[in-house]
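No letters, just coordinates:
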């Protein structure tokens, strides 16, 4: 769902989000079954508001994830939660890091899905696991390791 931002610049964002989410699910052990997640494509102003409201951080960020609680007895695919991406931050980061916009978008979707599955990066050991899964998922999409240059 596009709420705000110039997302038309990113060709077929919905299909790319679907592929990236499937790639994230394919590299985890937790994702056995059918899942769904909502993705909101918006701008820095709205992400900033969400970040302030839900995390107490009064600034925009690239992606936010809101895990949904399991619904015992619910039929159909399990709803993992919601992911929100900020257009201006996505574009700025992709330009600063010399990454293709679509690759950075896919990375953030993978990152968001992994958060919905319970992965985190607050502690270094957890970050190594999460980043490893991100790299593995992105490789299935033909996208280079986004952390490669950071390690040098």
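Here it is on my side, so go on. Quick caveat, the model's predicted, so the values are computed rather than measured.

for the chain, which spans come out with low pLDDT?
Residues of the chain meeting the criterion pLDDT under 70: 2, 31, 149-152.

Helices along that one, start to end?
13-26, 44-55, 87-96, 101-116, 124-140, 148-151 (DSSP state H).

now the ones you listed in JSON lines, with mean neighbour count and distance to residue 73?
Every residue, glycine included, has its C-beta placed from N, CA and C. Shown next, in JSON lines, are these (neighbours: other Cβ atoms under 10 Å; distance: least, Cβ to Cβ, whole Å):
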{"stretch": "helix 13-26", "mean neighbour count": "19", "distance to residue 73": "22"}
{"stretch": "helix 44-55", "mean neighbour count": "16", "distance to residue 73": "27"}
{"stretch": "helix 87-96", "mean neighbour count": "18", "distance to residue 73": "37"}
{"stretch": "helix 101-116", "mean neighbour count": "24", "distance to residue 73": "20"}
{"stretch": "helix 124-140", "mean neighbour count": "16", "distance to residue 73": "29"}
{"stretch": "helix 148-151", "mean neighbour count": "9", "distance to residue 73": "44"}
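
Residue 63: which of these is closest?
With Cβ to Cβ, the closest approach to residue 63 among those belongs to helix 101-116: 4.3 Å.
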